[in-house]
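S.K.: sharing a model that was predicted from the sequence below.
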Amino acid sequence: MMPILVVENLTYAYQGAAMHFDLAVEAGEWLAIVGPSGAGKSTLLDLIAGFITPVAGRILIDGRDLTDVAPGERPVSFLFQENNLFPHLTALQNVVLGLTSRMRPDASQKLAAGEALAMVGLGGFETRLPAQMSGGERQRVALARAMVRKRPILMLDEPFAALGPAMRLEMLELLSRLRLQTGMAILMVTHQPDDAAGYAEKLAFVDNGEIVLSGNTSTLLTPPVDSRIASYLGKA
């Protein structure tokens, strides 16, 4: 069975240094991407999303070569650390933007946005403005906006880093339930090893612009761990 995502000999030049990535992700798989700051984790997600352009290699999603396809036409959704909500728009209006940029969405789009809010536990929040919600609730709205697009791949770049431990755990539990409901694959950059150990089956360790280790999360994080991971975790 072909993986939902294949990153093949992908090369990107950054400040005179070359980054090289090879990666395969199965449908429905949760992959945690960890590594030192500046190692290339966010760059990898940006390449897959199409926000930046590689100098060589291919990105295949569901068997299609999408290396040169515009970001909006790729079957992926992206959730950033900042929720990027429009402060003057209601929760429902912010979620609708995942479907259309028109000021007057149709009834089906409004219905889909309302269903997405309900999926993330915000039924009844449709008319609230971002300023009327907590940080966790705003991030749930951003997640609903990503979910409403119904893409097979969801990518998250340290999405819960600004949340406290209890709220971060709540968001991870929600994400886990949504994955089971939808069958989507998840690629999540995180600096929290516990996030990876508790939820992601697979782990990719990025260092110096390359995926230097990948495999089962529990295997890679169970002592004795590779010296590079040990150094990253401060356990060298």
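M.R.: Structure's in. What do you need?

S.K.: in the longest helix seen in the chain, what's buried?
M.R.: Scanning the chain for the helix with the most residues, using DSSP state H, yields helix 165-182. For helix 165-182, burial by neighbour count (16 or more other C-beta atoms under 10 Å) applies to 167-172, 174-175, 178-179. C-betas here are computed from N, CA, C, even on glycine.

S.K.: and stretch 135-144, by the same measure?
M.R.: Quick answer for stretch 135-144 (16+ other C-beta under 10 Å): 136-144.

S.K.: kindly report the same for stretch 58-69.
M.R.: Within stretch 58-69, the residues that qualify as buried are 59-61, 66-67, counting by 16+ other C-beta under 10 Å.

S.K.: show the average pLDDT along that stretch.
M.R.: Average pLDDT, stretch 58-69: 96.

S.K.: show me what secondary structure element comes after whichever strand or helix holds residue 145.
M.R.: Residue 145 is part of helix 135-147 when elements are defined by DSSP states H and E. Downstream of helix 135-147, the first helix or strand assigned by DSSP H and E is strand 153-157.

S.K.: that next one packs against which elements?
M.R.: helix 41-49, strand 76-79, strand 185-189 (3 or more C-beta pairs under 8 Å, 6 or more residues apart in numbering; DSSP states H and E).

S.K.: save the ones you listed as JSON lines, and put in distance to residue 25 too.
M.R.: JSON lines is the format used below for the helices and strands packed on strand 153-157 (distance: least, C-beta to C-beta, whole Å):
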{"stretch": "helix 41-49", "distance to residue 25": "9"}
{"stretch": "strand 76-79", "distance to residue 25": "11"}
{"stretch": "strand 185-189", "distance to residue 25": "5"}
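
S.K.: can you tell me which of the buried residues of stretch 58-69 are in strands?
M.R.: 59-61 (DSSP state E).

S.K.: can you pull the contacts of residue 163?
M.R.: 135-136, 139, 171 (C-beta atoms under 8 Å, 6 or more residues apart in numbering).

S.K.: quick one: contacts for residue 99?
M.R.: Contact analysis of residue 99 by C-beta under 8 Å, 6+ apart lists 105, 109, 112-113, 148-149.

S.K.: buried sites along the helix or strand bottoming out on mean pLDDT in the chain?
M.R.: None of the helices or strands of the chain scores lower by mean pLDDT, DSSP states H and E than helix 193-199, at a mean of 85. The neighbour-count check on helix 193-199 (16+ other C-beta under 10 Å) flags 193, 195-196, 199 as buried.

S.K.: let me have those in TSV, adding distance to residue 72 as columns.
M.R.: Putting the buried residues of helix 193-199 into TSV (distance: C-beta to C-beta, whole Å) gives the following:
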residue	distance to residue 72
193	34
195	28
196	29
199	28
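
S.K.: ok, those residues vs residue 227, which is closest?
M.R.: Using C-beta to C-beta, residue 193 comes nearest to residue 227 of the buried residues of helix 193-199, at 15.7 Å.

S.K.: isn't the closest one up against residue 199?
M.R.: No. Assessed by C-beta atoms under 8 Å, residue 193 is found out of contact with residue 199, at 11.4 Å.

S.K.: in three-state terms, label residue 82 for me.
M.R.: For residue 82, the assignment made with DSSP: H, G, I helix; E, B strand; the rest coil gives coil.

S.K.: and what of residue 31?
M.R.: Residue 31 - assigned by three-state DSSP - is strand.

S.K.: from memory it sits against residue 188, does it?
M.R.: Yes. The pair residue 31 / residue 188 is scored as a contact, 7.2 Å apart, by C-beta under 8 Å.

S.K.: now do the shared contacts for these two.
M.R.: Listed as contacting both residue 31 and residue 188 by C-beta under 8 Å, 6+ apart are residue 200.

S.K.: partner residues bridging residue 58?
M.R.: With DSSP bridges as the criterion, residue 58 is bridged to residue 8.
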